[in-house]
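Participant: kindly return the folded structure for what I paste below:
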Amino acid sequence: MLNLNIIDLVVLILYILFIVWWGLKKGKSSNSDDYFLAGRNLKWPMVGLSLFAASISSSTLMGNSGEGFINGIAVFNYNWISILVMVFFAIFFLPFYIKSGIFTMPEFLERRFDARSRTYFSFITIIGNIFLDASATLYAGALIINMIFPGVDMMLIIIGMALVAGSYTIIGGLSSVINTEVIQAFVLIIGSTLLAFFAMNSIGGWDMFMEKFNDGVWLKLTRSMDDSTVPWLGMWVGIPILGFYFWGNNQVMVQRVLSAKSIDHGRKGVLLVGFLYLFTLFIFIFPGLIARGINLFDVENLPHEVISGIDLKTKYGINTDEVYPRLINKVLPVGLIGIILSAMISALTSALSATLNSVSTLFTMDFYSKMDKKASSKKKVKVGKITAVVALIIAILWAPYIGKFDSLIAYYQEILSYLAPPVVGTFFMGLFWKRSNAIGAFSGLMSGLFIGIIIMIAKYALGYNLGLHFLLLAPIILVLSVVVNAVVSLLTSPPLEIKVKDNTWTKAIWDEETIALKDVVWYENFRLQALLLVLACFGMYAWFY
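Facilitator: Residues are numbered from 1 along each chain as shown. Now for the predicted structure:
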């Protein structure tokens, strides 16, 4: 239980009231462009900050600190590799998304291939958004609130959080969501930085921290091939696939990019979130490692070497999900606890509102618009609001059951590594290979899905272990689905020119951008900014190699 002072409670309540008021004040729902894409008029700081807030959930905060406690900084590999993915996405894919005027990621698949690929991708995204993302966010948030107010019924907490996030999301659309996410991003950064500062102080400062953990693997990003978190080969061949799916194919993330007023603002927004992600090592992961150094759980003779989360729980009674809230309680003074709890609520509401808005957009644009082709812009907005309400109700009803399926949530990243590769492969083939056609794309998606299902049945239903880390299985599934795509495409008719012309990358596009950038001042040049970000990434990797 957290020792919440009246000052902290007031800070928390005022923050929640402010977020709801601000979201309602900034809402736009007069037409579909305003409601689903905030009028397509956002500047790069808002794009970047909203991306950051939407990508960080309360379970991310708890998970990163917990993983830091268990295994050191290995989990940061997901972040720094994803930054490289963001740069690639911003340079090559983003311009096509914005120029095409699409509302959803599946819509791009239809423009390049056909309706089958769009329908499949949209359907699995909606199911995942509701039953995994939204429900898991509500459940994880309820656990946190329950630590503050023990004894309160979990279902009441879930409904309360859903009403907070849903109130402005459903009424105001993406404009409400993004405007609140900008505030939430600042609260997240400030709150997490304060916690990291006080945590570092509690262990005796940076020098003492380095002295305590500079042996073994705690501060090493490169791990052995048998590492359970990130084997070194999986870091290079598996994480980029999951990273591209999250940042380049995921409607929750890309929807913010589509709302940018121009390609340049979209690119700089993505690069901004990349720079912010560099600091997640210090403000999200280090505190978890520090918690181990200050004996947060008061366990005598806790081994200094890495030990699995399961063993920590069974042998020592340590639940690593409690690392973050316990650390808040231990190192923060009165008043600041309210700020960091506001940061956790920010993570919760921003992730939930982003997911609801994604489901609303996907259903309205990918399904309803096809059923009612004459639907007006206002009618689409109405359908979007109804969809968000239905999605929220389903998520509320499913959330209490999440606790009974710990393995499903624990292995969410793993399941994603089986289902994401075919989608990633299809997008890459569509953009970079003109010969890929609709039949090949759909065949690649279905073959990848079939392989993924076989692997999951073998592992979860039959108990058969393939002996490969899921980060090593992901590239195998990707290659197999791409091969099927290529073979089927070559054995069938070439795609129509209209499908290829404006939806594939050519060197001429790069040359045109090069000419356009000659008149741009150096510090405004996105290519130079991207290069600096890449250098910073590899500098970070070299530091903690």
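
Participant: show the contacting residues for the nearest residue to residue 19 once chain neighbours are set aside.
Facilitator: Counting by CB to CB, 6 or more residues apart in numbering, residue 19 lies nearest to residue 180, which is 5.4 Å off, once chain neighbours are set aside. C-betas here are computed from N, CA, C, even on glycine. For residue 180, the contact set (CB atoms under 8 Å, 6 or more residues apart in numbering) comprises 19, 22, 23, 26, 168, 349, 350, 353.

Participant: among the residues you listed, which are located in helices?
Facilitator: Residues of those located in helices (DSSP state H): 19, 22, 23, 168, 349, 350, 353.

Participant: can you get me a residue count around the spatially closest residue to the fourth one that is not a sequence neighbour?
Facilitator: When you say that, I think you mean residue 168. Spatial nearest neighbour of residue 168, excluding adjacent residues (CB to CB, 6+ apart): residue 23 at 2.7 Å. Counted by other CB atoms under 10 Å, the residues lying close to residue 23 total 26.

Participant: and residue 23, what's its pLDDT?
Facilitator: pLDDT, residue 23: 85.

Participant: shouldn't it be in contact with residue 170?
Facilitator: No. In this structure residue 23 lies outside contact range of residue 170 using CB atoms under 8 Å: 10.2 Å.

Participant: could you measure from residue 162 over to residue 399?
Facilitator: Applying CB to CB, to the nearest Å, the value for residue 162 to residue 399 is 8 Å.

Participant: shaky segments in the stretch 351-500 of the chain?
Facilitator: When residues are selected by pLDDT under 70, those of the stretch 351-500 of the chain lie in 403-413.

Participant: now with 50?
Facilitator: Low-confidence segments of the stretch 351-500 of the chain (pLDDT under 50): 406-409.

Participant: out of everything not next to it in sequence, what's closest to residue 342?
Facilitator: residue 15 is the one closest to residue 342 (CB to CB, 6+ apart), at 4.2 Å.

Participant: now do the same for that neighbour: helix, strand or coil?
Facilitator: helix (DSSP: H, G, I helix; E, B strand; the rest coil).

Participant: also residue 366?
Facilitator: helix.

Participant: for burial, what's the neighbour tally of the closest residue to it other than its chain neighbours?
Facilitator: Distances taken as CB to CB, 6+ apart put residue 122 closest to residue 366, at 4.0 Å, once the chain neighbours are dropped. Neighbour count for residue 122, taken as other CB under 10 Å: 23.

Participant: contacts for the host helix or strand of residue 122 next, please.
Facilitator: In this assignment (DSSP states H and E), residue 122 forms part of helix 115-128. Contact with helix 115-128 is made by 104-107, 109-110, 249-251, 358-359, 362-363, 366-367, 370, 419, 423, 426, 438, 441-442, 445-446, as judged by CB under 8 Å, 6+ apart.

Participant: out of the residues you listed, which end up buried?
Facilitator: Neighbour counting with 16 or more other CB atoms under 10 Å marks 104-107, 109-110, 249-251, 358-359, 362-363, 366-367, 419, 423, 426, 438, 441-442, 445-446 as buried within those.

Participant: was I right to think residue 480 contacts residue 447?
Facilitator: Yes. Assessed by CB under 8 Å, residue 480 is found in contact with residue 447 at 6.7 Å.

Participant: what do these two both touch?
Facilitator: By CB under 8 Å, 6+ apart, no residue touches both residue 480 and residue 447.

Participant: backbone dihedrals for the residue nearest to the spatial centre of the chain, please?
Facilitator: The centroid of the chain falls nearest to residue 55 when counting by CA atoms, centre = their mean (3.9 Å). The phi and psi values for residue 55, taken as degrees, to the nearest 10, are phi -80, psi -10.

Participant: next, count neighbours for residue 188.
Facilitator: Residue 188, neighbours per other CB under 10 Å, totals 28.

Participant: ok, it to residue 268 distance?
Facilitator: To residue 268, residue 188 is 20 Å away according to CB to CB.

Participant: hang on, residue 302 in a strand?
Facilitator: No. With three-state DSSP as the criterion, residue 302 is assigned coil and is not in a strand.

Participant: what pLDDT does the model give the nearest residue to residue 544 once chain neighbours are set aside?
Facilitator: For residue 544, ignoring the flanking residues on the chain, the nearest one in space by CB to CB, 6+ apart is residue 221 at 4.8 Å. In this model, residue 221 is scored at 91, pLDDT.

Participant: next: the one 10 residues further on.
Facilitator: Here, the pLDDT recorded for residue 231 equals 89.

Participant: contact partners for it?
Facilitator: 223, 224, 225, 469, 471, 472.

Participant: who's in contact with the helix or strand hosting the fifth one?
Facilitator: Take DSSP H and E as the rule and residue 471 turns out to sit in helix 470-491. Contact partners of helix 470-491, identified using CB under 8 Å, 6+ apart, comprise 230-231, 233-235, 237-239, 241-242, 413-414, 417-418, 420-422, 424-426, 428-429, 433, 435-437, 439-441, 443-445, 447-448, 451-452, 455, 466, 468.
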